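In: Okay, predicted coordinates and the sequence, questions at the end:
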Amino acid sequence: MVNNNNLNLTKEKEVKADSSAKGSVSQSSQPKEDDMEFKELYEQSLNQLQYGDVARGKVVQIKDDMVMVDVGWKTEGFIPIGELKDAQGNIHLSVGDGIEVFIDKRDSDGNLILSKNKAAKLKIWDEIKNICENNISIKGTVVEKVKGGLSVDIGIIAFLPGSQVDTRPIKDLDKFVGKTLDFKVLKYDRKRSNVVLSRRPIVASERETEKKDILSSIQEGNVVEGVIKNITDYGIFIDLGGIDGLLHVTDISWGRIAKPAESFHKGEKITVRVLSFDREKERVSLGLKQLTDNPWEQIIEKYPVSSIVEGKVVNLTDYGVFVELEPGVEGLVHISEMYWTREIKHPSKVLNIGETIKVVVLEVNPESKRISLSLKQTAPNPWEKLKEKYSVGTTVKGVVRNITNFGVFVGIEEGIDGLVHVSDISWKHRVTHPSEYFKKGQEVEAVVLNVDVDNEKFSLGIKQIEKNPWDELSQKYTPGSVVTGKITNFTDFGIFMEIEEGIEGLVHISEISQKRVKTSSELYAIGDTVSAVVKSIDPKSKKIRLSIKEMEAPAPTPASNQYINNKENIGSNLGQALADVKINNQKGE
């Protein structure tokens, strides 16, 4: 950049110098020594000023478009006025002020052009060279974020790579824009006007100093401030200033913390207490909850059982709702304790996180830090009112709301259904599935059988609307009487006969005939009408024992009567016992 060609004075000055010298000879008799001295000074000025040099000058004149500066030895140059104006268009120079200028060039008229900006930049390059060679710092202001890093003004625009901003990766570079910081010069190229900066060694040095200070001062029990460096599922790493400490998830809150990342963020400042410190391994355990009193120590006194308290919904799960009663104290409302009569598939269908609700305290366990709560018990128990309203034996009307293989649910009150069990649908008919007799939306009458407040069950019966026909059957069909009916079913253990509508009796295979019979179908077919003797009737189990062979048997002689009766009783009793087992198995009892 430096040009070693000597500056040439303007022709005008050369002519003046010549004419002055000649004039002095013709008009005066001064000795030739004066001419020689002037010539030497003139040549000296030519040797001292060179293009590309920086010279110290003095302001001699200020015009609208330029400032005239004397750079020595009566050599004057001009600085364009635009270089000297600030952002508001003002000039902070006066005649007689000193100023450093760059000897730039001559214009077409032969005027010497100077530059203040180029002088400043040339000086900066010298400083940059010195800074880089001696590993010292330079101050600069971050101008803007650019691709790959930051642009920094250090007198000239330099580049700070993103990897050199800090000792650890920085995602948000925008926060540095406008800040004045110290930098090291990594490398420079004067020809290409390229300077690369770094803050890493400065930050590393600062951290090392901070680390020594923190290691010398840190003690268990100290309350310190740090910056969140990293967040994991098991805890938070906090930069205390050159040394990292771990805030374990169990020491974050007296309550439940599922995921620390939901409550904390990287770069966030946080105040914690030092729980333990290993100086040799440089390990620090920190606690956040230890900055406050343990709320579970007085929990029983604060939340007595049966008291109604207010809390905020903080979590919804399949099995219930977690309610925060105060910071660090949460209780669980199990899904079964949400509503008396409303069926809830998931708590999120009726409650929202952040919602404030009132609950009843059911149980408090300070050791396991658990509180059981109830939402439904803040309202009167509708099942108690139901029991008062519907005494056993009351006839009610309702609409079939649901049908299952074990019974029919009938809506009686808002949100309360009564169950008619399949066994309480009919006295006479064997019901395989309730859908054979009922449809959803159908209105039915039923009798209240039981109201179980504790288990929240409402039992109804439809067959109980009528009298139990078996009470009359036990008088109508006494043992020894003869009945006539149609065969309705064959089994491997006997024949079922319908002796009247809905009433069947069993003829055990041993009671079908005096002859030896392998299968019942050898003698009869479904629909055949036959007569039989009633052997026994049990109204409770709804069973009638019949015998066809007794209709065939000859009258016994008096001598053999007792023997025959004993033999028949033994065989009949054994046959009936086996038949009972098979019938019970068949009915699933």
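Out: Everything's here; your move. Predicted model, so just to flag it, every value in this text is computed and none were measured.

In: how close does the residue positioned nearest the centre of the chain sit to I231?
Out: The centroid of the chain falls nearest to E262 when counting by C-alpha atoms, centre = their mean (5.8 Å). From E262 across to I231, the span is 10 Å (C-beta to C-beta, to the nearest Å). All C-beta spots, glycine's among them, are computed from the backbone N, C-alpha and C.

In: do G96 as well
Out: 64 Å.

In: Comparing these two, which shows the higher neighbour count?
Out: Set G96 next to I231 and count neighbours by other C-beta atoms under 10 Å: I231 wins out with 19 against 8.

In: need the contact list for the more buried one.
Out: 237, 260-261, 264-266 (C-beta atoms under 8 Å, 6 or more residues apart in numbering).

In: hmm, 7 Å instead?
Out: 260-261, 264, 266 (C-beta atoms under 7 Å, 6 or more residues apart in numbering).

In: gap between it and L546?
Out: Taken as C-beta to C-beta, the span from I231 to L546 is 82 Å.

In: can you check D538 too?
Out: 13 Å.

In: Looking at those two, which one has more neighbours?
Out: Per other C-beta under 10 Å, whichever of D538 and L546 has more neighbours is L546, with 30 against 12.

In: what kind of secondary structure is the more buried one in?
Out: strand (DSSP: H, G, I helix; E, B strand; the rest coil).

In: Leaving aside the residues adjacent along the chain, what's closest to it?
Out: A532 (3.9 Å; C-beta to C-beta, 6 or more residues apart in numbering).

In: any idea how far that neighbour is from I495?
Out: 9 Å.

In: residues shared between the contacts of those two?
Out: Joint contacts of A532 and I495 (C-beta under 7 Å, 6+ apart) are V507.

In: what comes into contact with the helix or strand containing F277?
Out: Taking DSSP states H and E as the definition, one finds F277 inside strand 269-278. Under the contact criterion C-beta under 7 Å, 6+ apart, strand 269-278 has outside partners 218-228, 238, 247, 251, 284-288, 290-291.

In: Now restrict these to buried residues only.
Out: Buried members of the contacts of strand 269-278, counted by 16 or more other C-beta atoms under 10 Å: 218, 224, 226, 228, 238, 247, 251, 284-288, 290.

In: Out of the residues you listed, which one has the lowest pLDDT?
Out: Checking pLDDT across these, the minimum falls on I218 at 82.

In: Roughly how far does that residue sit from D239?
Out: 13 Å.

In: In a strand, E280, correct?
Out: No: if the criterion is three-state DSSP, then E280 is coil and not within a strand.

In: If I look at it, what pLDDT would I see?
Out: E280 is given a pLDDT of 79.

In: quick one: it and L215, what's the gap?
Out: 11 Å.

In: The two - which one has more neighbours?
Out: Between E280 and L215, counting by other C-beta under 10 Å, L215 is the more crowded of the two (15 against 5).

In: Please, which helix or strand holds that one?
Out: helix 200-217.

In: Report the angle between that helix and strand 269-278.
Out: Counting by axes from the mean of the first three to the mean of the last three C-alpha atoms, to 10 degrees, helix 200-217 lies at 60 degrees to strand 269-278.

In: list the helices and strands helix 200-217 packs on?
Out: strand 180-189 (3 or more C-beta pairs under 7 Å, 6 or more residues apart in numbering; DSSP states H and E).

In: and with 10 Å instead?
Out: When contacts are defined as 3 or more C-beta pairs under 10 Å, 6 or more residues apart in numbering; DSSP states H and E, helix 200-217 sits against strand 180-189, strand 223-231.

In: Provide a list of residues in contact with the residue nearest to the centre of the chain.
Out: I231 (C-beta atoms under 10 Å, 6 or more residues apart in numbering).

In: Would you check how far apart it and V249 are?
Out: On the measure of C-beta to C-beta, E262 and V249 end up 12 Å apart.

In: again, but for L240
Out: Taking C-beta to C-beta, one finds L240 at 19 Å from V249.

In: And these two? Which one has more around it.
Out: Between L240 and V249, counted using other C-beta under 10 Å, L240 has the larger neighbour count: 22 against 17.

In: Tell me how far the more buried one lies from S368.
Out: 33 Å.

In: what's the answer for G331, then?
Out: From G331 to S368 the distance is 12 Å (C-beta to C-beta).

In: Give the residue from these two that has the larger number of neighbours.
Out: Ranked by neighbour count (other C-beta under 10 Å), G331 and S368 place G331 first, with 23 against 7.

In: Can you get me a residue count around the residue nearest to that one when sequence neighbours are not counted?
Out: Nearest non-adjacent residue to G331, counting by C-beta to C-beta, 6+ apart: I371, 3.4 Å away. Neighbour count of I371, defined by other C-beta under 10 Å: 26.

In: Output the stretch of helix or strand I371 belongs to in PDB with nothing but the alpha carbons.
Out: Element membership for I371 (DSSP H and E) is strand 370-374. What follows is strand 370-374, C-alpha atoms only, in PDB (Å, rounded to 0.1, in the frame of the first residue of the first chain):
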ATOM      1  CA  ARG A 370     -49.600 -38.900  49.400                       C
ATOM      2  CA  ILE A 371     -53.000 -37.300  49.800                       C
ATOM      3  CA  SER A 372     -56.200 -39.000  48.600                       C
ATOM      4  CA  LEU A 373     -58.900 -36.500  47.600                       C
ATOM      5  CA  SER A 374     -62.500 -36.700  46.500                       C
END
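
In: Quick check: neighbours of that strand in the sheet, parallel or antiparallel?
Out: strand 329-334 (parallel), strand 356-365 (antiparallel) (DSSP bridges).

In: got the contact list for that strand?
Out: For strand 370-374, using C-beta under 10 Å, 6+ apart, the contacting residues are 296, 299, 303, 305-306, 308-309, 311, 320-323, 325, 329-334, 336-338, 357-365.

In: Please pick the buried ones from those residues.
Out: 296, 299, 303, 309, 311, 320-323, 325, 329-333, 337-338, 357, 359-362, 364.

In: Quick one: end-to-end distance for stretch 487-500.
Out: From its first residue to its last, stretch 487-500 covers 11 Å (C-alpha to C-alpha, to the nearest Å).

In: Figure out how far that stretch is from the centre of its chain.
Out: 66 Å (C-alpha atoms, centre = their mean, to the nearest Å).

In: could you give the mean pLDDT of that stretch?
Out: The model assigns stretch 487-500 a mean pLDDT of 86.

In: Enumerate the positions of that stretch that are buried.
Out: Quick answer for stretch 487-500 (16+ other C-beta under 10 Å): 487, 490-491, 493-497, 499.

In: Dump these into CSV; add secondary structure and distance to W427 as well.
Out: Below are these laid out as CSV (DSSP: H, G, I helix; E, B strand; the rest coil; distance: C-beta to C-beta, whole Å):
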residue, secondary structure, distance to W427
I487, strand, 22
F490, strand, 25
T491, strand, 22
F493, coil, 24
G494, strand, 23
I495, strand, 22
F496, strand, 17
M497, strand, 18
I499, strand, 15
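
In: export these to JSON lines and tack on distance to V143?
Out: Formatted as JSON lines, these follow (distance: C-beta to C-beta, whole Å):
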{"residue": "I487", "distance to V143": "107"}
{"residue": "F490", "distance to V143": "103"}
{"residue": "T491", "distance to V143": "100"}
{"residue": "F493", "distance to V143": "102"}
{"residue": "G494", "distance to V143": "105"}
{"residue": "I495", "distance to V143": "106"}
{"residue": "F496", "distance to V143": "102"}
{"residue": "M497", "distance to V143": "107"}
{"residue": "I499", "distance to V143": "108"}
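
In: so which of the residues you listed comes closest to S513?
Out: I495 (10.8 Å; C-beta to C-beta).
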